[in-house]
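> Sequence and computational prediction follow.
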Amino acid sequence: MTTPQTLTLTRPDDWHIHLRDNDALSLTVPDAANTFARAIIMPNLVPPVTTAEHALAYRARIESAIPPGANFEPLMVLYLTDNTSAEDIAAAKAAGVIACKLYPAGATTNSDSGVTDIKKIYTTLEAMQKHDVKLLMHGEVTHSDIDIFDREKIFIDRTLRHLVKDFPELAMVLEHITTKDAAEFVESATSKLGATITAHHLLYNRNHMLVGGIRPHYYCLPILKRNIHQEALLKAATGGSTKFFLGTDSAPHPTHAKESACGCAGCYTAYAALEMYAEAFESMNALDKLEGFASFHGPDFYGLPRNNDTVTLVKEPWTAPDSLPLGTSTLSPLRAGETLPWKLVRN
Ligand SMILES: NC(=O)N[C@@H](CC(=O)O)C(=O)O
Ligand SMILES: [Zn+2]
Ligand SMILES: [Zn+2]
């Protein structure tokens, strides 16, 4: 019998995840804590996390869902609105909030209270730059005349290009990038701009979602693009550049809300995210680059220490669950019922 291939990595962190709230936390928090030591917690709750007080209360609810003995640190983020003030930023910084999230209003799930015009928050961005509170962006424009497949590229041209010039000292992350354009822009910009890449954007392109039937479980925002973009993302993630790091964008929705005439956007990957990244990196013969992407580039960008412990993956096929409990509903995780080649083993 041959020994299965194993891969031991410094424990990774997830720089973009949705845990939701209340009874969802008993699924999402243990799933995240099983692999990741820290995670950046997205603030798009209903109502959103718009103040330091909200963030502290939300952090306490997350902490109470951490399984005994697990080591997991939620890193909290404020949701920017047109009305977020410089005082809100100072209070957030004092409360340990590390970043604020820009959702252009209407861009994605629970973004209705987001920013309607970037110019409205220029004073807020000044305050973030001053206090070193990072700017995380859902980088898509929302005008109805802009094609959904072009929304990320046009955000870069119309908004991001100006932001990096106007706020040269503000650390920014273009979240869940989906295009060659984004990968190239980030790679060639200043060291203050980084980007997260999801496992699903590395594994899939729009054909997976639309050929042979419409598959709502692949629907997320920004939407999967054509395969040349998937290839560019694979190159960016596995190329060793320190500007790209792991952010799952794991986003739970009940099965009935996705399998619907108007299905909602988001893929649940937290239960096996590192395993899916390993699969993507292996497809590029680049498993040796996974540790940098998953465990080093993120903390280095955020100015936080790298983790001291490790996780181990073993090449041992297993079957992903068909469904998982989400509060009083169930969700269908990405890859439900499929075979995953890599498996996480506890160290
Ligand atoms: N990515 C998604 O498709 N959905 C996310 C929101 C987001 O990250 O844009 C969600 O909260 O469900
Ligand atoms: Zn988003
Ligand atoms: Zn997200």
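Received, thanks. Numbering: from 1, shown residues only. Ligands and ions are numbered 1, 2, ... in the order given.

> so what pLDDT did the residue of the chain found nearest ligand 2 get?
Residue of the chain nearest ligand 2, by Cβ to the ion: His138 (3.5 Å). The way it works is simple: take the backbone N, C-alpha and C, and place the C-beta from them, glycine included. With respect to pLDDT, His138 scores 98.

> my guess is it meets Asn110, correct?
No - shown here, His138 and Asn110 do not form a contact pair, counting by Cβ atoms under 8 Å, at 10.8 Å.

> okay, those two: which has more neighbours?
Ranked by neighbour count (other Cβ atoms under 10 Å), His138 and Asn110 place His138 first, with 25 against 18.

> if I look at that one, how far off is Gly247?
For His138, the distance to Gly247 equals 12 Å [Cβ to Cβ, to the nearest Å].

> joint contacts of the two?
Jointly contacting His138 and Gly247 under the rule Cβ atoms under 8 Å, 6 or more residues apart in numbering are 175-176.

> What ranges does the stretch 1-150 of the chain have for its strands?
Counting by DSSP state E, counting those that start in this stretch, the stretch 1-150 of the chain has strands at residues 6-10, 14-17, 38-41, 73-79, 99-102, 134-137.

> What are the boundaries of the helices in the chain?
Secondary structure of the chain (DSSP state H): helices at 25-35, 52-63, 86-94, 122-131, 151-155, 161-166, 180-188, 199-203, 206-210, 227-238, 255-258, 273-283, 290-291, 297-302.

> residue ranges with poor pLDDT in the stretch 201-347 of the chain?
347 (pLDDT under 70).

> Residue numbers of it in contact with ligand 1?
Listed as neighbours of ligand 1 in the stretch 201-347 of the chain under the rule Cβ under 6 Å from any ligand atom: 220-221, 249, 251, 265-266.

> In strands only, show me those.
Applying DSSP state E to those, no entry is found in strands.

> tell me the two of the residues you listed that are most distant?
Asp249 and Ala265 (10.1 Å; Cβ to Cβ).

> Show me the common contact partners of these two, please.
Cys220.

> Looking at the two now, which is surrounded by more residues?
Each of Asp249 and Ala265 has its neighbours counted (other Cβ under 10 Å); Asp249 has more, 27 against 16.

> correct me, but the more buried one touches His16?
Yes - with contact defined as Cβ under 8 Å, Asp249 reaches His16; the gap is 5.2 Å.

> list the residues that contact both of the two?
Common neighbours of Asp249 and His16 (Cβ under 8 Å, 6+ apart) are 175-176, 196, 198.
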